[in-house]
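> Compute the structure for the input listed below.
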Amino acid sequence: AMSPAPHRLVAGRVRRVSRRPSVGLSGVLARLDRRGRWVQPPGDAALPGFTWDEDDGLSPRWYPQGITAAPGGEPVLLTSWYARGFMRWWHGARISVVDLGDDDGPRYRHVRLVRPVRGLGLRRPAWIHAGGLAWYGPHLFVACGREGLRVFRVDDVRRGLLGGFVLPESTALASENDEGSVPFTYSFVSVERDADGDRLVAGEYGRAGGSHRLVRYALDPSTHLPVADTYGVSVPLEVHEDQAPRMQGATVVDGTWFVTASSGEDNPGDLWVGTPGLL
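I've put the predicted structure just below:
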(Lines give C-alpha, C1' and ligand atoms only; values in the text may rest on other atoms or scores of the structure.)
Protein backbone atom coordinates (compact mmCIF):
# COMPACT_ATOMS: atom_id res chain seq x y z
CA ALA A 1 0.00 0.00 0.00
CA MET A 2 1.31 3.46 -0.86
CA SER A 3 0.23 6.60 1.01
CA PRO A 4 2.62 9.57 0.74
CA ALA A 5 0.60 12.07 2.79
CA PRO A 6 0.59 11.08 6.51
CA HIS A 7 4.35 11.33 7.19
CA ARG A 8 6.77 14.17 6.48
CA LEU A 9 10.19 15.54 7.38
CA VAL A 10 10.43 19.19 8.39
CA ALA A 11 13.79 20.98 8.17
CA GLY A 12 14.96 22.87 11.24
CA ARG A 13 17.22 25.88 11.30
CA VAL A 14 20.84 25.46 10.25
CA ARG A 15 22.97 25.79 13.35
CA ARG A 16 25.92 28.14 13.41
CA VAL A 17 29.24 26.32 13.45
CA SER A 18 31.51 27.22 16.38
CA ARG A 19 34.48 29.48 15.87
CA ARG A 20 36.91 26.71 16.71
CA PRO A 21 38.72 25.78 13.47
CA SER A 22 37.57 22.60 11.79
CA VAL A 23 39.97 19.81 10.92
CA GLY A 24 37.50 18.03 8.66
CA LEU A 25 37.40 14.33 7.96
CA SER A 26 40.90 14.52 6.49
CA GLY A 27 42.18 15.69 9.87
CA VAL A 28 40.74 12.60 11.52
CA LEU A 29 42.09 10.26 8.83
CA ALA A 30 45.57 11.71 9.41
CA ARG A 31 45.36 10.87 13.14
CA LEU A 32 43.82 7.40 13.34
CA ASP A 33 44.72 5.81 16.69
CA ARG A 34 43.14 2.32 16.69
CA ARG A 35 43.47 -0.79 14.56
CA GLY A 36 40.95 -3.55 13.95
CA ARG A 37 41.42 -7.04 12.48
CA TRP A 38 40.36 -8.56 9.18
CA VAL A 39 38.04 -11.54 9.79
CA GLN A 40 35.77 -13.88 7.87
CA PRO A 41 32.18 -13.42 9.14
CA PRO A 42 29.99 -16.55 9.38
CA GLY A 43 27.70 -17.26 6.46
CA ASP A 44 28.04 -19.10 3.15
CA ALA A 45 27.82 -15.92 1.04
CA ALA A 46 29.51 -13.50 3.46
CA LEU A 47 32.45 -11.48 2.14
CA PRO A 48 35.51 -10.78 4.31
CA GLY A 49 34.93 -8.21 7.03
CA PHE A 50 36.65 -6.70 10.04
CA THR A 51 36.28 -6.48 13.79
CA TRP A 52 37.22 -3.75 16.27
CA ASP A 53 40.19 -3.79 18.59
CA GLU A 54 39.76 -5.67 21.87
CA ASP A 55 38.74 -2.65 23.96
CA ASP A 56 35.94 -1.70 21.58
CA GLY A 57 34.90 -5.26 20.80
CA LEU A 58 34.38 -6.08 24.50
CA SER A 59 33.08 -2.70 25.63
CA PRO A 60 29.94 -2.92 27.83
CA ARG A 61 29.27 0.79 27.25
CA TRP A 62 29.34 1.31 23.47
CA TYR A 63 27.12 -0.52 20.96
CA PRO A 64 27.72 -0.16 17.18
CA GLN A 65 24.66 0.51 15.04
CA GLY A 66 24.73 2.11 11.57
CA ILE A 67 27.28 1.97 8.77
CA THR A 68 27.80 3.96 5.58
CA ALA A 69 30.50 4.26 2.93
CA ALA A 70 32.19 7.32 1.43
CA PRO A 71 30.16 8.62 -1.56
CA GLY A 72 33.18 8.93 -3.84
CA GLY A 73 34.30 5.32 -3.61
CA GLU A 74 37.24 5.94 -1.25
CA PRO A 75 37.95 3.03 1.13
CA VAL A 76 36.43 4.91 4.09
CA LEU A 77 33.52 3.84 6.28
CA LEU A 78 31.64 5.65 9.02
CA THR A 79 29.88 3.68 11.74
CA SER A 80 27.66 4.94 14.56
CA TRP A 81 27.60 3.86 18.21
CA TYR A 82 25.35 4.73 21.15
CA ALA A 83 26.26 4.57 24.82
CA ARG A 84 24.46 2.47 27.42
CA GLY A 85 24.64 2.33 31.19
CA PHE A 86 24.61 4.87 34.00
CA MET A 87 26.93 7.37 32.27
CA ARG A 88 25.20 7.27 28.86
CA TRP A 89 24.07 10.90 29.34
CA TRP A 90 27.74 11.91 29.45
CA HIS A 91 28.88 9.80 26.50
CA GLY A 92 25.92 10.17 24.12
CA ALA A 93 26.70 8.91 20.62
CA ARG A 94 29.75 8.76 18.38
CA ILE A 95 30.91 7.75 14.94
CA SER A 96 34.02 5.85 13.96
CA VAL A 97 36.01 6.96 10.93
CA VAL A 98 37.46 3.77 9.41
CA ASP A 99 40.22 3.56 6.78
CA LEU A 100 39.96 0.21 4.99
CA GLY A 101 43.07 0.75 2.86
CA ASP A 102 45.58 -1.08 5.09
CA ASP A 103 46.39 -4.75 4.54
CA ASP A 104 47.43 -5.13 8.21
CA GLY A 105 43.92 -4.27 9.42
CA PRO A 106 41.55 -1.31 9.24
CA ARG A 107 42.67 1.78 11.14
CA TYR A 108 40.06 3.99 12.78
CA ARG A 109 39.27 6.72 15.29
CA HIS A 110 36.17 7.72 17.24
CA VAL A 111 34.48 11.12 16.85
CA ARG A 112 31.88 12.27 19.38
CA LEU A 113 28.56 13.65 18.07
CA VAL A 114 27.53 16.85 19.86
CA ARG A 115 24.66 19.37 19.93
CA PRO A 116 24.80 23.07 20.82
CA VAL A 117 23.38 24.31 24.11
CA ARG A 118 21.16 27.21 23.12
CA GLY A 119 22.39 30.60 24.30
CA LEU A 120 25.49 29.32 26.10
CA GLY A 121 27.90 28.78 23.23
CA LEU A 122 28.60 25.27 24.55
CA ARG A 123 27.95 21.82 23.17
CA ARG A 124 26.66 18.69 24.85
CA PRO A 125 26.76 15.03 23.81
CA ALA A 126 24.07 14.00 21.33
CA TRP A 127 21.67 11.75 23.27
CA ILE A 128 20.49 9.67 20.34
CA HIS A 129 20.29 5.99 19.45
CA ALA A 130 22.06 6.61 16.11
CA GLY A 131 20.43 3.50 14.67
CA GLY A 132 21.44 4.17 11.04
CA LEU A 133 23.70 6.35 8.89
CA ALA A 134 23.60 7.66 5.33
CA TRP A 135 26.39 9.76 3.78
CA TYR A 136 25.31 11.98 0.90
CA GLY A 137 27.54 14.75 -0.39
CA PRO A 138 28.78 16.71 2.64
CA HIS A 139 25.96 15.48 4.87
CA LEU A 140 25.72 12.60 7.29
CA PHE A 141 22.12 11.63 8.10
CA VAL A 142 21.67 9.92 11.48
CA ALA A 143 18.47 8.01 12.25
CA CYS A 144 16.91 9.13 15.55
CA GLY A 145 13.73 7.10 15.95
CA ARG A 146 10.50 9.08 16.26
CA GLU A 147 12.44 12.36 16.31
CA GLY A 148 13.35 11.94 12.64
CA LEU A 149 16.88 12.51 11.37
CA ARG A 150 19.80 14.58 12.61
CA VAL A 151 22.14 16.03 9.99
CA PHE A 152 25.88 16.58 10.39
CA ARG A 153 28.39 18.00 7.91
CA VAL A 154 31.33 15.61 7.85
CA ASP A 155 33.87 18.40 7.29
CA ASP A 156 32.70 20.22 10.45
CA VAL A 157 34.82 17.89 12.62
CA ARG A 158 36.66 19.88 15.29
CA ARG A 159 39.04 19.31 18.15
CA GLY A 160 37.17 18.73 21.40
CA LEU A 161 37.73 20.86 24.49
CA LEU A 162 38.81 17.74 26.41
CA GLY A 163 40.84 16.25 23.57
CA GLY A 164 39.85 13.98 20.72
CA PHE A 165 37.42 15.06 18.00
CA VAL A 166 33.79 16.16 17.95
CA LEU A 167 31.27 16.61 15.15
CA PRO A 168 28.60 19.27 15.85
CA GLU A 169 25.07 18.92 14.55
CA SER A 170 24.27 21.09 11.52
CA THR A 171 20.47 20.78 11.40
CA ALA A 172 17.62 18.36 12.01
CA LEU A 173 14.81 16.89 9.94
CA ALA A 174 11.92 16.48 12.34
CA SER A 175 9.37 13.71 11.87
CA GLU A 176 5.88 15.16 11.39
CA ASN A 177 2.80 12.95 11.15
CA ASP A 178 -0.90 13.50 10.52
CA GLU A 179 -3.11 13.40 13.58
CA GLY A 180 -4.42 9.90 14.14
CA SER A 181 -1.60 8.19 12.22
CA VAL A 182 1.05 6.11 13.95
CA PRO A 183 4.24 8.26 14.04
CA PHE A 184 6.94 7.03 11.69
CA THR A 185 10.04 5.72 13.49
CA TYR A 186 13.30 6.34 11.62
CA SER A 187 15.22 3.25 12.73
CA PHE A 188 17.62 3.07 9.77
CA VAL A 189 18.48 5.07 6.66
CA SER A 190 20.43 4.71 3.41
CA VAL A 191 20.96 6.43 0.06
CA GLU A 192 19.65 5.02 -3.22
CA ARG A 193 21.79 6.26 -6.11
CA ASP A 194 19.98 6.12 -9.42
CA ALA A 195 20.34 7.70 -12.86
CA ASP A 196 16.79 9.04 -12.53
CA GLY A 197 17.57 10.75 -9.23
CA ASP A 198 18.94 9.87 -5.81
CA ARG A 199 16.64 9.01 -2.92
CA LEU A 200 16.78 8.71 0.84
CA VAL A 201 15.49 5.33 2.05
CA ALA A 202 14.36 4.82 5.64
CA GLY A 203 12.45 2.25 7.61
CA GLU A 204 11.25 1.02 10.97
CA TYR A 205 12.39 -1.71 13.29
CA GLY A 206 9.28 -3.18 14.89
CA ARG A 207 8.55 -6.41 16.67
CA ALA A 208 5.58 -8.57 15.72
CA GLY A 209 2.41 -6.56 16.26
CA GLY A 210 4.18 -3.23 15.83
CA SER A 211 4.56 -1.07 12.73
CA HIS A 212 7.20 -1.95 10.13
CA ARG A 213 7.17 0.49 7.24
CA LEU A 214 9.55 1.63 4.50
CA VAL A 215 9.71 5.12 3.01
CA ARG A 216 11.60 6.95 0.23
CA TYR A 217 12.28 10.67 -0.21
CA ALA A 218 13.72 12.39 -3.29
CA LEU A 219 17.12 13.98 -2.68
CA ASP A 220 18.11 17.39 -4.05
CA PRO A 221 21.60 17.12 -5.64
CA SER A 222 22.19 20.86 -5.15
CA THR A 223 21.47 21.00 -1.41
CA HIS A 224 22.20 17.31 -0.65
CA LEU A 225 19.03 17.29 1.45
CA PRO A 226 15.55 15.85 0.82
CA VAL A 227 13.56 17.82 -1.75
CA ALA A 228 11.43 20.31 0.20
CA ASP A 229 8.85 23.03 -0.41
CA THR A 230 9.34 26.69 0.55
CA TYR A 231 8.44 25.85 4.17
CA GLY A 232 11.12 23.18 4.43
CA VAL A 233 8.61 20.30 4.34
CA SER A 234 9.64 17.10 2.56
CA VAL A 235 6.88 14.72 1.48
CA PRO A 236 7.88 11.10 0.77
CA LEU A 237 7.60 9.64 -2.69
CA GLU A 238 6.05 6.54 -1.18
CA VAL A 239 5.30 4.82 2.11
CA HIS A 240 5.07 1.03 2.19
CA GLU A 241 3.06 -0.48 5.06
CA ASP A 242 3.19 -3.92 6.66
CA GLN A 243 6.72 -5.00 5.80
CA ALA A 244 8.84 -7.64 7.53
CA PRO A 245 9.07 -7.40 11.34
CA ARG A 246 12.43 -6.66 13.02
CA MET A 247 13.85 -4.87 9.98
CA GLN A 248 17.41 -3.68 10.65
CA GLY A 249 18.36 -1.99 7.37
CA ALA A 250 17.27 -1.42 3.78
CA THR A 251 18.85 -0.26 0.56
CA VAL A 252 17.71 -0.07 -3.06
CA VAL A 253 19.95 -1.00 -5.99
CA ASP A 254 18.67 -0.69 -9.58
CA GLY A 255 15.09 -0.75 -8.33
CA THR A 256 15.51 -3.87 -6.19
CA TRP A 257 15.10 -3.61 -2.43
CA PHE A 258 17.45 -5.44 -0.06
CA VAL A 259 16.15 -5.60 3.51
CA THR A 260 17.80 -7.26 6.49
CA ALA A 261 15.74 -8.49 9.45
CA SER A 262 16.79 -10.03 12.73
CA SER A 263 15.15 -13.01 14.44
CA GLY A 264 16.15 -12.46 18.04
CA GLU A 265 19.45 -12.97 19.84
CA ASP A 266 21.45 -16.05 18.77
CA ASN A 267 19.05 -16.74 15.87
CA PRO A 268 20.03 -16.30 12.20
CA GLY A 269 18.48 -13.27 10.53
CA ASP A 270 16.99 -12.92 7.05
CA LEU A 271 17.82 -11.03 3.87
CA TRP A 272 14.69 -10.09 1.92
CA VAL A 273 15.10 -9.21 -1.76
CA GLY A 274 12.40 -7.83 -4.05
CA THR A 275 9.91 -4.98 -3.90
CA PRO A 276 7.84 -3.81 -0.90
CA GLY A 277 4.66 -5.83 -0.59
CA LEU A 278 6.29 -8.72 -2.43
CA LEU A 279 9.38 -9.19 -0.25
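> who's the residue lying closest to residue 150 once chain neighbours are set aside bridged to?
In this structure, residue 150 finds its nearest non-sequential neighbour in residue 142, 4.6 Å apart by CB to CB, 6 or more residues apart in numbering. C-beta here means a position set from N, CA and C on the backbone, and glycine is covered the same way. Judged by DSSP bridges, the bridge partners of residue 142 are residue 133, residue 150.
> Tell me how many other residues crowd residue 142.
Neighbourhood size, residue 142 [other CB atoms under 10 Å]: 31.
> wait, it sits on residue 154?
No - the criterion here is CB atoms under 8 Å, and residue 142 misses it with residue 154 at 11.5 Å.
> mind checking the longest strand of the chain?
Longest among the strand segments of the chain by residue count, using DSSP state E, is strand 165-177.
> how about the helices in the protein?
All helices of the chain, identified by DSSP state H, fall at 24-29, 54-57, 88-91.
> Please work out which of those is packed deepest.
Sort the helices of the chain by mean neighbour count, taking mean count of other CB atoms under 10 Å, and helix 24-29 sits at the top with a mean of 18.
> before we move on, the earlier item: now do the contacts for the residue nearest to residue 150.
By CB atoms under 8 Å, 6 or more residues apart in numbering, the contact set of residue 142 is 66, 80, 93, 113, 128, 130, 132-133, 149-152, 189.
> do you know how far it is from residue 81?
Residue 142 sits 11 Å away from residue 81, taking CB to CB, to the nearest Å as the criterion.
> Now do the shared contacts for the two.
Common neighbours of residue 142 and residue 81 (CB under 8 Å, 6+ apart) are 93, 130.
> coming back round to it: now render the helices of the chain as TSV, adding mean pLDDT.
Converted to TSV, those look like this (pLDDT from 0 to 100):
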stretch	mean pLDDT
helix 24-29	96
helix 54-57	96
helix 88-91	73
